[in-house]
Structures are given as structure tokens and as C-alpha cells.
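Peer 1: give me the fold of what follows.
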Amino acid sequence: MIRTGAGLYYDLMGQPLAGTFSGNMFGLSSSVSNPGNVLTAVTAPRFTDFWSVPASLVPPAPKGGFPVTFPKAFQITGGLDDKLAAPYTMNLNFSIARELPRGFLVQGSYVGRLSRRSLIQRDIAMPTNLKDPKSGQTYFEAMTLLATLIDFQGVTVANLPKIPFFENMWASAAAGGFTATQIIAKDYTGNSAQGDFTNTLANMDQYCNRSGTTLRSTGTVSSLACSVLGPNAMFNAQFSALSGWSSIGSGSYHAMQWTASKRMGDSQFDLNYTFSKSIDLSSNAERAATFTGFVINSWNPGQLRGVSNYDTRHNFNSWGIYQLPFGKGKKFGRGVNRAIDAFIGGWQITGTFRLSSGLPVSPSDGSRWATNWQLSSYATPNGKPIPKTTSNKNAPAVGGTGGPNLWDDPTAAVNAFAETMPGQTGTRNTIRGQGYFDIDSGVGKSFTMPWSENHRLQFRWESFNLTNTIRFDPRSANMSLTSKSNWGKLSGQLGQPRQMQFALRYMF
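Peer 2: Got it, this is the predicted structure:
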């Protein structure tokens, strides 16, 4: 038997988006907060009394009426892309099946699902990658060069060579015998955590020519000159980050599926094996919260492309029901009386089994923001060998006490990754942890009532995770480059510990 099919299906979408829009969109439900991460111990207003709130903490209320314009508050918020289109999928399948004697069936299939115009979130207000018309150098290129010299080659600020982008676009920043490149580097090394490039960019662009302003600071107040284009040449004055749903996603799922089944007689079962791969830009549903499954570099969304969060290369599952051949009318004890049949007849065993290959997970760049103001990038491999994951139950920690860990050698694992450069996303879903393993079982017995064959009493004993096997969830692993001592530590399990339940049922 051969079957094939194909179809084009448009997704129903809009209800969760409408709820988000009506509850959060400026003008419908307006809320204005302080600019993103500006106030520090140095710059925060001082307490005067219990009844006076400093004016700098309370932004003025926006003017009512329509159309409404968001104020220049450098706020972190969400919105919708005005170019939304209905997502659709192209579903493909082809299968060959063969029936065998005694109720057996074997089937092999190809299954494909291609998604287009999927909804994913991106930063609609992400700062531009400004290009210097004189040198042809972009901001991402210039800041990457500066970071490489300082963070990896150990060049001091005083010995930094001139970088054309900064010298041309921020020419007026030069002061006190320091070049524009060196002044910007001083801000980076003085005000930012290593790798927090968007902090320095905000000082250069959003808060330039202002004294007493520091972002995500270590304590030093920054005042940089603006670019030759003036303030906000790269950042939007209204938003430091604006998460918006957009129809720019795509994905591809391809699978080879094999099934062997038996559907007749005292025994029935299904054996299923799937070899598959799923790739996309984001794996989050429309109902996901703002800044979830986020495109880190809006100018190059393809950097986020990788295997889906739920991708499992190998997936095996089965179920079975077996009526034990004992009792009246069965192979053994065919002619026994009712009393004996009550003990040996009517027994049934059921079970399910699931086994999958490891689930994907991503290492984090940590508490720094290389490319996007609101979300950290993923970490980047530095060329050293990345150890294989084993989910060791008692591995030594990089720092502190050991315990369950994604690696046998967490120190070697963390040393294989480095901070991510400006304009980069890092590596998504390149690490595999453990997959699912689960055995569930059931034992049942039916008693025929002596007063009527149509009345039966059924007893069932069911066990979940029968072997009480522990598999750790790789998504619970701590993999932050700014928290290296806990690298790889696992805190969650896949599935639940062994559970049992008992039931008694009367049927008539």
C-alpha cells in the first residue's frame, strides 16, 4: 500500500497578539517608566522626605488623544510589526505499508513540514550598524576590533591604535591627549562589564554630551561627545529595546518514520522509530512573553538559525497490551471451573516505553549585552575542543561544591567558550544533553461476577517511570560566562520520579 499527500495550510493567529496589544500598547494602555538601566548609586536622586517623590523618578504623563506618539524615554517595551502576514506551512508525506499474516503491519514514511512567515520577536528599535563613509568601516567592525585588542590581546588604552570609524564618526570625542578611539575605550573599560558593548554605545549615542549619566555602571560617571551626526545617530531616543512580533520566521522539519504493529489476538503493540531534524529561527509560540525566542541581531536574523529547541534526532516509542493465556477459554486452563478461573483468568499486562536522543541547549554570554540592549547573546566557541556532555551525577564544579553536571569536566567545557563580539549572536542549540527515558507499566485483573457474566470487577495497578530512572534536563544547566563557577550545574529533571496508582472498577 502506497500513500502520499501534500497540503498548504495557513495558521490561525491573532488572538494572543490582540490581547497583548490591547493590554500593553501605548495609547490603549499607556505606561511610561524610567529610561532603561540609567540610575545608579552615583546618579540616583537623593531622599528628602517621605512625602516628596523626586521628579526625575516620575516621567511626565503623556498627552492624551490620537494619534499618540511614544515619548523619548529610551524605554524597554513591546509592540507589533505593522507588516504582519499570516504564517503558513507546507506539509508533505509519503509512506509505503505492507500487511503481514496474523495482524502484523510494517510501514515506512517520509514526513516533512516547511513553515514560512512564522511569527518571531525581534528588536524593532535595535541601534543601526552605522557605516563610516570615509573608511567604509562599520560600528560592528570597529567595536569588534577594539574588543579584540583590549579583551583578548591585552592592549592598554594608552597603546590603542586609531580605529577609523571612531576617529571619523566620533572625531570630537578626542580630548586630554587621548584619541577618540582611546576615549571610547576608557568608557568601555571604566563603565562596562567585559563584553557589554551596548552600554558604551548608549553613552556614545543616547547619553552623549550629558554629565552625570551612567548605564549598567561599575561606578564611574561617563560623559562622551556625540557623533558628527549628533545624538541618536544609532539608537532611537524613544526605545532602548522594542520587542515586536514579525512574520520573518521559517523552519524545516524532515523525518524518516518506521512503524511495526500488531492489532489482533491476545497481544497488540506498536513499535515506532523516527529519525528527524528540525531547524528554525525561533521555537516559541505566539502566546510567548515579550523578549522570548528573540532575534538578537535584527539586521541579520539568520544568525539565530539552528536546530529547534525540541529537536530530537532519534526518537523511539512503543506500547503494548498482552492478555495472559490463562483461564477459562484460554490456551492454559481452557476448561477450569469458575472458582479457579477467578484466580488465574483475566490477567492483562500493559506498558509504554519512550527513548530519545539528547535535547539541545545553548551556552550564554552571561550578564552582558554585546549586540542587543535587552538580551544577552549566546556564547561563542573559541576554538578549543568542547568536551562531550555526559550529565555526570557527581562532577567537580568549576568553583565551590560539585554535583550533577552536564559535563564530566566543567572546567574544560567553560574554557572552550569566549565572549561574543558586537553584531554577533553566538551559537544556538549546539550542545546536546540527555533525552527522555521512560517505562510505564500496568497490571490488571478482571473478575466475572458469579451472579452475571455481564457484571465484572476490574483491578488495576499502574506504575509511571517504573525503573525510577533519573534523566537531567539540559535546559536547567547553568551555562553563563559571567557565572563560571556554576558552569554546567544541573537543577532540573526530565519527567517525574516513580509514581504508582491503584484502581478498582465495577462494570455492568
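Peer 1: rest of the way, CA atoms for contacts and neighbours
Peer 2: Will do.
Peer 1: show me what contacts Ile184?
Peer 2: Ile184 is in contact with 173, 200, 204, 224, counting by CA atoms under 8 Å, 6 or more residues apart in numbering.
Peer 1: switch the cut-off to 10 Å
Peer 2: Going by CA atoms under 10 Å, 6 or more residues apart in numbering, Ile184 touches 143, 146, 157, 166, 170, 173-174, 178, 190, 200-201, 203-204, 224-225.
Peer 1: quick one: buried ones out of those residues?
Peer 2: 143, 146, 157, 166, 170, 173-174, 190, 200-201, 203-204, 224-225 (16 or more other CA atoms under 10 Å).
Peer 1: just the ones of these in helices?
Peer 2: Counted as lying in helices by DSSP state H, out of the buried ones among the contacts of Ile184, are 143, 146, 166, 190, 200-201, 203-204.
Peer 1: quick check: the farthest pair among the residues you listed?
Peer 2: With CA to CA as the measure, no two of these lie farther apart than Phe166 and Gly190, at 17.7 Å.
Peer 1: list the buried residues in the lengthiest strand in the chain.
Peer 2: Longest among the strand segments of the chain by residue count, using DSSP state E, is strand 239-262. Neighbour counts over strand 239-262 (16+ other CA under 10 Å) mark 239-262 as buried.
Peer 1: give me the low-pLDDT residue ranges for the stretch 51-200 of the chain?
Peer 2: 55-65, 192 (pLDDT under 70).
Peer 1: can you show me the strands along it?
Peer 2: 75-80, 88-100, 104-123 (DSSP state E, counting those that start in this stretch).
Peer 1: let's have the ones in helices among the buried ones among the contacts of Ile184 in JSON lines, adding distance to Ser95.
Peer 2: Formatted as JSON lines, those follow (distance: CA to CA, whole Å):
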{"residue": "Met143", "distance to Ser95": "53"}
{"residue": "Leu146", "distance to Ser95": "56"}
{"residue": "Phe166", "distance to Ser95": "60"}
{"residue": "Gly190", "distance to Ser95": "63"}
{"residue": "Thr200", "distance to Ser95": "57"}
{"residue": "Leu201", "distance to Ser95": "55"}
{"residue": "Asn203", "distance to Ser95": "60"}
{"residue": "Met204", "distance to Ser95": "60"}
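Peer 1: tell me where the stretch 401-508 of the chain has helices.
Peer 2: For the stretch 401-508 of the chain, the helices defined by DSSP state H, counting those that start in this stretch cover 410-414.
Peer 1: likewise for the stretch 1-150 of the chain?
Peer 2: Going by DSSP H, counting those that start in this stretch, the stretch 1-150 of the chain shows helices at 15-24, 139-147.
Peer 1: mind listing what His314 touches?
Peer 2: Applying CA under 10 Å, 6+ apart, one finds that His314 lies in contact with 255, 273-277, 355-358, 435.
Peer 1: just give the number of residues close to Trp319.
Peer 2: 18 (other CA atoms under 10 Å).
Peer 1: cool, Ile120 as well?
Peer 2: Neighbour count of Ile120, defined by other CA under 10 Å: 25.
Peer 1: surely it meets Leu304?
Peer 2: No: under the criterion of CA atoms under 10 Å, Ile120 makes no contact with Leu304, lying 11.2 Å away.
Peer 1: what do the two both touch?
Peer 2: 281-282, 293-295.
Peer 1: please enumerate the strands of the stretch 351-500 of the chain.
Peer 2: Counting by DSSP E, counting those that start in this stretch, the strands of the stretch 351-500 of the chain are 360-361, 380-381, 389-395, 403-407, 417-418, 431-432, 437-448, 456-464, 499-507.
Peer 1: surely Phe472 meets Leu494?
Peer 2: Yes: using CA under 10 Å, Phe472 is in contact with Leu494, at 5.6 Å.
Peer 1: higher neighbour count, these two?
Peer 2: Higher neighbour count among Phe472 and Leu494: Phe472, with 24 against 18, using other CA under 10 Å.
Peer 1: bridge partners for that one, pull those for me.
Peer 2: For Phe472, the beta-bridge partners under DSSP bridges are Gln493.
Peer 1: so for stretch 404-424, mean pLDDT?
Peer 2: The average pLDDT for stretch 404-424 rounds to 95.
Peer 1: need the distance between the two termini of it.
Peer 2: 31 Å (CA to CA, to the nearest Å).
Peer 1: same deal with stretch 347-364?
Peer 2: End-to-end for stretch 347-364, by CA to CA: 53 Å.
Peer 1: mean confidence for that stretch?
Peer 2: Rounded mean pLDDT across stretch 347-364 is 94.
Peer 1: how far out from the middle of the chain is it?
Peer 2: Computed by CA atoms, centre = their mean, to the nearest Å, the chain-centroid distance of stretch 347-364 equals 20 Å.
Peer 1: how close does Phe74 sit to Asp123?
Peer 2: Computed as CA to CA, the Phe74 to Asp123 distance reads 13 Å.
Peer 1: swap that for Leu359, please
Peer 2: Leu359 sits 27 Å away from Asp123, going by CA to CA.
Peer 1: more neighbours, the two?
Peer 2: Neighbours were counted for Leu359 and for Asp123 using other CA under 10 Å; Asp123 has more, 28 against 22.
Peer 1: tell me what the closest residue to that one other than its chain neighbours is bridged to.
Peer 2: Closest residue to Asp123 apart from its sequence neighbours, by CA to CA, 6 or more residues apart in numbering: Ser243 at 4.7 Å. Ser243 has these beta-bridge partners by DSSP bridges: Gly78, Asp123.
Peer 1: same check on Asn315?
Peer 2: On the basis of DSSP bridges, Asn315 is bridged to Thr274, Ser356.
Peer 1: that one: neighbour count?
Peer 2: 19.
Peer 1: same check, this time on Lys330
Peer 2: By other CA under 10 Å, the residues close to Lys330 number 16.
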